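Engineer: Structure for the following, please:
(one chain, ligands or ions: 1)
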Amino acid sequence: MAIQKINSLEEYHEQYAKSVQDPESFWAEKAESFKWKQKWDNVLEWDFEGPNIGWFLNGKLNITENCLDRHLETQGDKTAIIWEPNDPNEKEKRITYKELHEEVCRFSNVLKNNGAKKGDRICIYMPMVPELAYAVLACARIGAIHSVVFAGFSATSLADRIIDCTCNILLTADGVFRGSKQVPLKAIADEALEKCPTIEKNIVLKRTGFEVTMKEGRDVWWHDEVAKADLSFDAETMDAEDMLFILYTSGSTGKPKGVVHSCGGYMVYAEYSFRNVFQYKDDDIYWCTADIGWITGHSYIIYGPLLAGATTLMFEGIPTYPDAGRFWDVCDKYKVTLFYTAPTAIRALQSFGDEHVAPYSLDSLRVLGSVGEPINEEAWHWYNDKIGKGNCPIVDTWWQTETGGILISPLAGITKLKPSFATLPLPGVQPLLVDNEGNPIEGNGVEGNLCMKFPWPSMLRTTYGDHERCKQTYFSTYKGLYFTGDGCKRDEDGYYRITGRVDDVINVSGHRLGTAEIESAINEHENVVESAVVGYPHDIKGTGIYAYVISYNKTEDEEAERKQILDTVTKIIGPIAKPDQIQFVSGLPKTRSGKIMRRILRKVAEGEADKLGDTSTLLDPSVVDEIKNGALVNA
Ligand code: 7RM
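Structural biologist: Numbers count the residues shown, from 1 in each chain. Predicted structure coming up:
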């Protein structure tokens with residue numbers, strides 16, 4: 001039995017009403033479709049003060065039995081994972097549900113043979129290869145808590161994450177292929193491990209064939225261990241509220257938080273949201289281009305699709321290798337029907353020109369998805385016209401690491417679309433906009449801070465090892481509410497449009513201003529492509545406003561353009577929001593998922609360009625030098 005899919009707008013409204021009137025029976029019905037070892041006593045217990053959140057209390061399950069075992073009878077020979085390597089000339093892999101089950105059981109035994117137990121934290125630092133999926137699922141099968149660290153992170157970031165949750169096992173590889181580059185992953189891991197005495201075993205996959213040093217007693221080869229391991233493994237019994245995984249995410253402070261998700265609620269919501277948002281059909285070929293190191297990869301490459309029994313494509317490479325047509329080549333090669341990517345990738349590919357799209361038919365595509373940041377209208381239209389050929393609904397999915405799954409999004413082909421709007425909450429999701437004092441903003445045609453007033457099954461339960469921080473970050477800004485940190489509009493039709501983070505609040509001469517607010521004012525200037533605003537210490541105002549601005553056409557007269565920008569901001573917000581400094585730049589330091597690293601911009605603005613910290617997660621670390629050299633404030 002599978003979760004029932006919402007099939008029409010009428011059904012959407014019906015289900016939505018039901019989910020608000022009687023959330024417990026709404027979610028019980030969804031949860032019934034899964035394989036539980038023991039049924040739950042209560043559907044939900046919660047308070048947002050603690051916070052204390054529990055779903056399907058006392059229910060027992062193992063998520064991998066739901067991803068794998070339960071599909072074996074009906075579709076054991078169906079392809080579960082298609083793997084497309086970095087190099088288009090290397091042979092792809094297709095792994096059936098039966099094979100995936102076997103690989104996961106086998107690797108569960110490898111973990112057990114290497115001392116892993118239920119409740120252990122296991123760090124996974126790997127390339128996008130099938131073994132990464134086996135490893136994640138094997139952790140879940142034995143009841144260990146996985147903490148996947150994106151393979152682009154530095155040794156310092158890796159060590160910090162291992163130390164924070166005291167992992168005893170690391171899973172890694174000799175190296176990573178990324179486009180034309182190669183990353184010596186094992187060497188980076190070795191550097192991290194010098195600071196991580198809790199790691200007892202490091203299991204190393206051979207991928208690139210790089211020469212590595214293996215530390216006697218600690219490091220073992222993946223293939224040696226797999227060769228020794230049994231093929232069957234009975235899934236550990238987990239409580240619905242046992243931790244399934246930790247995933248580190250950055251906030252406004254430098255130290256990343258370990259967001260904790262639990263087994264039962266996450267499982268129910270991952271499948272529910274996948275099925276409904278993408279309107280999944282049994283013969284779909286689904287491709288999410290994210291890396292498994294991010295939440296999007298956890299929920300919508302591994303868990304959501306496998307719970308639904310789908311065929312999920314895993315891609316090792318990058319969108320521009322060997323050229324900017326790679327995504328479309330892969331879509332045609334496998335006849336991808338559901339395609340899910342990020343605006344930053346869409347804009348990058350658009351900038352390479354339509355000649356990279358033209359050679360491909362893209363006929364198989366049925367639904368397009370977007371995630372990670374607001375999608376601007378220009379990118380939306382290009383995606384819609386050139387990739388979807390006007391025939392594929394675009395689901396602009398808003399959610400967060402902390403939400404575990406998509407909360408606000410169109411349901412493909414059901415919800416009427418509006419470019420740059422995430423549209424409507426899924427049934428079971430209760431958004432609330434509040435003003436800066438926390439007063440609810442009712443009605444339509446309004447704007448405020450996006451909160452959730454009721455729990456949903458896949459919400460975070462805590463931040464690892466520091467519940468107080470979870471409370472402070474998400475549940476204290478507005479009493480009794482989960483605060484997302486995003487600003488949001490609700491238009492005349494009740495449609496939601498996420499406007500960006502609002503938690504970068506600065507206090508200028510006693511005025512509380514959002515950096516996002518100032519940016520959007522600056523962006524009104526006709527020659528501005530994009531801007532980023534940060535605060536910096538100011539003798540008189542307390543905090544001054546420092547703006548980094550990218551222009552369409554490089555101006556000859558920077559002073560004249562500065563003045564026009566100040567006039568624009570004055571016009572839109574008022575003189576209090578006028579930047580004190582405007583630095584023209586050709587790019588902004590962005591992470592691979594398109595988020596601006598404000599920490600770097602703040603340091604430069606503060607005249608501390610020598611203390612930038614880790615910049616290894618940037619898409620293009622070279623923009624940092626340009627920004628440093630053009631800094632308007634000197635230490
Ligand atoms: C899935 C993910 C979360 C933050 C979130 C927003 C932004 C994500 C959208 C979006 C506008 C979207 N998790 N964000 N999706 N903004 N429209 N469809 O990205 O934890 O890494 O980031 O990303 O600001 O709070 S995340």
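
Engineer: Could you report the separation of residue 76 from the ligand?
Structural biologist: Separation of residue 76 from the ligand (C-beta to the nearest ligand atom, to the nearest Å) stands at 32 Å. In short, each C-beta sits where N, CA and C put it, glycine included.

Engineer: count of residues packed around that residue?
Structural biologist: Counted by other C-beta atoms under 10 Å, the residues lying close to residue 76 total 15.

Engineer: for residue 342, same thing?
Structural biologist: Residues lying near residue 342 (other C-beta under 10 Å) number 23.

Engineer: Surely it touches residue 371?
Structural biologist: Yes. Residue 342 lies in contact with residue 371 (C-beta atoms under 8 Å); the separation is 5.9 Å.

Engineer: Give me the common contacts of the two.
Structural biologist: By the contact definition C-beta atoms under 8 Å, 6 or more residues apart in numbering, residue 342 and residue 371 are jointly contacted by residue 290.

Engineer: How about the residues of the stretch 151-300 of the chain by the ligand?
Structural biologist: Neighbours of the ligand within the stretch 151-300 of the chain, by C-beta under 6 Å from any ligand atom: 249, 295-296.

Engineer: Swap in 8 Å and give it another go.
Structural biologist: Listed as neighbours of the ligand in the stretch 151-300 of the chain under the rule C-beta under 8 Å from any ligand atom: 249, 294-296.

Engineer: Over to the chain?
Structural biologist: Residues of the chain lying near the ligand by C-beta under 8 Å from any ligand atom: 249, 294-296, 342, 370-375, 396-403, 406, 408-409, 422, 484-486, 498, 500-501, 593, 595.

Engineer: ok, and the closest non-adjacent residue to residue 317?
Structural biologist: Nearest residue to residue 317, sequence neighbours excluded (C-beta to C-beta, 6 or more residues apart in numbering): residue 86, at 3.8 Å.

Engineer: That neighbour is in contact with residue 175, isn't it?
Structural biologist: No. Applying C-beta under 8 Å, one finds residue 86 not in contact with residue 175, separated by 11.2 Å.

Engineer: What subset of the residues of the stretch 151-300 of the chain next to the ligand is buried?
Structural biologist: Buried members of those, scored by 16 or more other C-beta atoms under 10 Å, are 294-296.

Engineer: Kindly reformat those as JSON lines containing pLDDT.
Structural biologist: As requested, those are exported to JSON lines (pLDDT from 0 to 100):
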{"residue": "294", "pLDDT": "92"}
{"residue": "295", "pLDDT": "95"}
{"residue": "296", "pLDDT": "96"}
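
Engineer: Give me the subset of those that lies in helices.
Structural biologist: Judged by DSSP state H, the subset of those located in helices is 295-296.

Engineer: helix/strand/coil for the residue of the stretch 51-200 of the chain found nearest the ligand?
Structural biologist: Nearest residue of the stretch 51-200 of the chain to the ligand (C-beta to the nearest ligand atom) works out as residue 150 at 11.0 Å. Secondary structure assignment for residue 150 (DSSP: H, G, I helix; E, B strand; the rest coil): coil.

Engineer: how near is whichever residue of the stretch 501-635 of the chain sits closest to the ligand to residue 515?
Structural biologist: Distances between the stretch 501-635 of the chain and the ligand by C-beta to the nearest ligand atom are smallest at residue 501, namely 5.2 Å. Going from residue 501 to residue 515 by C-beta to C-beta, to the nearest Å gives 8 Å.

Engineer: So between the two, which is more surrounded?
Structural biologist: More crowded of residue 501 and residue 515, by other C-beta under 10 Å: residue 515, with 26 against 19.

Engineer: Would you confirm that the more buried one contacts residue 531?
Structural biologist: No. Using C-beta under 8 Å, residue 515 is not in contact with residue 531; the gap is 9.6 Å.

Engineer: so which helix or strand takes in residue 220?
Structural biologist: Assigned by DSSP states H and E, residue 220 belongs to strand 219-221.

Engineer: Enumerate every residue touching the residue of the stretch 301-450 of the chain found nearest the ligand.
Structural biologist: Nearest residue of the stretch 301-450 of the chain to the ligand: residue 401, at 3.5 Å (C-beta to the nearest ligand atom). Contacts for residue 401 (C-beta under 8 Å, 6+ apart) come out as 247, 249, 259, 294-295, 460.

Engineer: go on, residue 340?
Structural biologist: Residue 340 makes contact with 278, 286-290, 296, 300, 368-371, 397, according to C-beta under 8 Å, 6+ apart.

Engineer: distance of it from residue 129?
Structural biologist: Distance of residue 340 to residue 129, computed by C-beta to C-beta: 20 Å.

Engineer: Likewise for residue 171?
Structural biologist: Residue 171 sits at a distance of 11 Å from residue 129 (criterion: C-beta to C-beta).

Engineer: so what sits against both of those two?
Structural biologist: Jointly contacting residue 171 and residue 129 under the rule C-beta under 8 Å, 6+ apart are residue 205.

Engineer: Return the residues in contact with residue 471.
Structural biologist: Taking C-beta under 8 Å, 6+ apart as the criterion, residue 471 is in contact with 50-51.

Engineer: could you dump the contacts of residue 401 to CSV with distance to residue 195?
Structural biologist: Shown next, in CSV, are the contacts of residue 401 (distance: C-beta to C-beta, whole Å):
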residue, distance to residue 195
247, 21
249, 21
259, 23
294, 24
295, 26
460, 27
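
Engineer: State the pair within these that is farthest apart.
Structural biologist: 294 and 460 (15.0 Å; C-beta to C-beta).

Engineer: just to revisit the earlier point, which residues sit in contact with the residue nearest to residue 317?
Structural biologist: By C-beta under 8 Å, 6+ apart, the neighbours of residue 86 are 177-179, 316-318, 321.

Engineer: could you redo the last one with a cut-off of 10 Å?
Structural biologist: 127-129, 176-182, 207-208, 315-318, 321-322, 326 (C-beta atoms under 10 Å, 6 or more residues apart in numbering).

Engineer: if we can go back for a sec, shared neighbours, residue 501 and residue 515?
Structural biologist: Residues touching both residue 501 and residue 515 (C-beta under 10 Å, 6+ apart): 596, 598.

Engineer: Tell me which helix or strand comes right after the lowest-mean-pLDDT helix or strand in the chain.
Structural biologist: Counting by mean pLDDT, DSSP states H and E, the chain has its least confident helix or strand at strand 511-514, which shows a mean of 72. For strand 511-514, the succeeding helix or strand toward the C-terminus, using DSSP H and E, is helix 515-522.
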